[in-house]
Each structure stands twice: as C-alpha cells, then as structure tokens.
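Student: just the structure for this:
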Amino acid sequence: MGKIVISDNVSLDGVIQDPAGDEGFKRGGWVGLIKDLPELNQLALDEALGAEALLLGRRTYEWLAARWPSRSGELADRLNGLPKYIVSSTLEDPDWNNSTVLKGDVVDDVSKLKRELDGEIVVPASFRLVRTLMEHDLVDELRLKIFPVVLGAGERLFGDTSDKKPMRLIEAQTIGGGIAFLTYEPVRDPEPVSDGPGPQDKRGAAHNRAAIGEGA
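Tutor: Below is the predicted model:
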C-alpha cells in the first residue's frame, strides 16, 4: 500500500507561492539561496532516496521538468529516475523520463495508485492537488518546512475543506536560521472524549487524555 506524503515549503502565514522567486510573484524568493543551507539539500536527497514515486500537479511538473533533466549529481539522478505521475487533463506526451499523465478522476486515480505502489508517493508543491487530496482524506503524512517570514499575500497551501482535518505532530526539528521542519500525520479515528472516568476506569481515562494531548 502506498503512502501519500505532502512535502512543501511554506511561510509562517501559510503561503506556498513562488518560494524560489522565478514565477513573477512580487513577494517571491522567500526561501533564500538553498545552496547556503546544506541541511535542506540533505533533506531533499533523503526524501528522494526514500520515495517510490512523485505525484505532481501540471504546473509543478513543468517547473521541475524544465530544470532537473539537464542536471547531474545524486539528487538529480534520483529525481530523473523516479516514476512521476502528473494529474492533468491537458498535458500530452510529457518529456521528463518515467512520466505518466493521470487524466481520469483525481480521487480514483490516486486511490488506485496507492493500492498499486508500495512505499512513499511524495507530492512536492502542487497546492491545488494537495487541497483535493486533503479534502478526500488521501494524505498520510505532511512534511512542512516553515520559513520564518510573513508574506501577507499569495496562494496558501490549504484551502476550504468540508470538515476539520485533525493532525498529530510526530516529529519536529530546526534547520539553519530558524526554519522549522514539522512532520504530521492525520488523526484518522480520534478517540471520543467522555464526560469523566467511572470508578473503575481512572487509569484508562488518564491514558486516553495523554493519547490526545490533554496530558501534556
């Protein structure tokens, strides 16, 4: 069974738009120079080495496909060799090596992909795709690199959902000059909160409170 992993750079106020500064957004370029942060390069390599495939929206695919095929090195070799699945109704005959276009219903196609693949299916950027995956509970893990800047405008990673989507923090670390790298997983079946423990259930109630964060 495959595991859908969202991997994104976001600002403190949740903006995902134009982190590298080459998309024309007037507040773009907020990640700075990646070459000055070797920890980020290592994270990208580790993630690529651990991935079974990439899942991409069309615009993200085109941005990456314009850059990585001509590059060399361990990360480039890994990205160029990975299977890539692009969600698009308009893209024809993608040029990047090992690329497949998913033209059907997004939810059906991604659900099928999860059944067919065994391992991590990493989704970089692709905020429109991310919103669809979140809405339909297809996301298994969120990896967010949160940069210490408030942009005040721009496309946000998350959009409206039909209901709340509870998450559990499973790992946190600091990178370079204050970048928070946070990993979350969805809480699929949150335990119900009772009115209080019965006389025979004090230990069980304490365990439940700790499990949902009330004991912290």
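
Student: going forward, measure contacts and count neighbours with C-alpha atoms only.
Tutor: Fine.

Student: next, the contact list for L133, please.
Tutor: 107, 139 (C-alpha atoms under 8 Å, 6 or more residues apart in numbering).

Student: can you tell me the average pLDDT over the helix ranked longest in the chain?
Tutor: Longest helix in the chain by number of residues, with DSSP state H as the criterion: helix 38-50. For helix 38-50, the mean pLDDT works out to 93.

Student: same check on stretch 122-137?
Tutor: Rounded mean pLDDT across stretch 122-137 is 96.

Student: and that stretch, what's buried?
Tutor: By neighbour count on 16 or more other C-alpha atoms under 10 Å, the buried set for stretch 122-137 is 122-135.

Student: picking that back up, tell me what the longest helix of the chain is packed against?
Tutor: helix 74-81 (3 or more C-alpha pairs under 8 Å, 6 or more residues apart in numbering; DSSP states H and E).

Student: out of everything not next to it in sequence, what's closest to W68?
Tutor: Closest residue to W68 apart from its sequence neighbours, by C-alpha to C-alpha, 6 or more residues apart in numbering: A76 at 5.9 Å.

Student: over to G32?
Tutor: Ranked by C-alpha to C-alpha, 6+ apart and with sequence neighbours excluded, the top spatial neighbour of G32 is A20, at 7.2 Å.

Student: swap in G119?
Tutor: Counting by C-alpha to C-alpha, 6+ apart, the residue nearest G119 is G2, at 4.8 Å.

Student: isn't the one you found up against L113?
Tutor: Yes - counting by C-alpha atoms under 8 Å, L113 is a contact partner of G2 at 7.3 Å.

Student: could you pull out the strands for the protein?
Tutor: Assigned by DSSP state E, the strands in the chain fall at 2-11, 51-57, 84-87, 99-102, 119-124, 141-147, 167-175, 179-186.

Student: got those strands as TSV, with distance to G29 columns?
Tutor: Putting these into TSV (distance: least, C-alpha to C-alpha, whole Å) gives the following:
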stretch	distance to G29
strand 2-11	11
strand 51-57	21
strand 84-87	25
strand 99-102	28
strand 119-124	17
strand 141-147	11
strand 167-175	18
strand 179-186	15
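
Student: please name the bridge partners of A51.
Tutor: A51 has these beta-bridge partners by DSSP bridges: E120.
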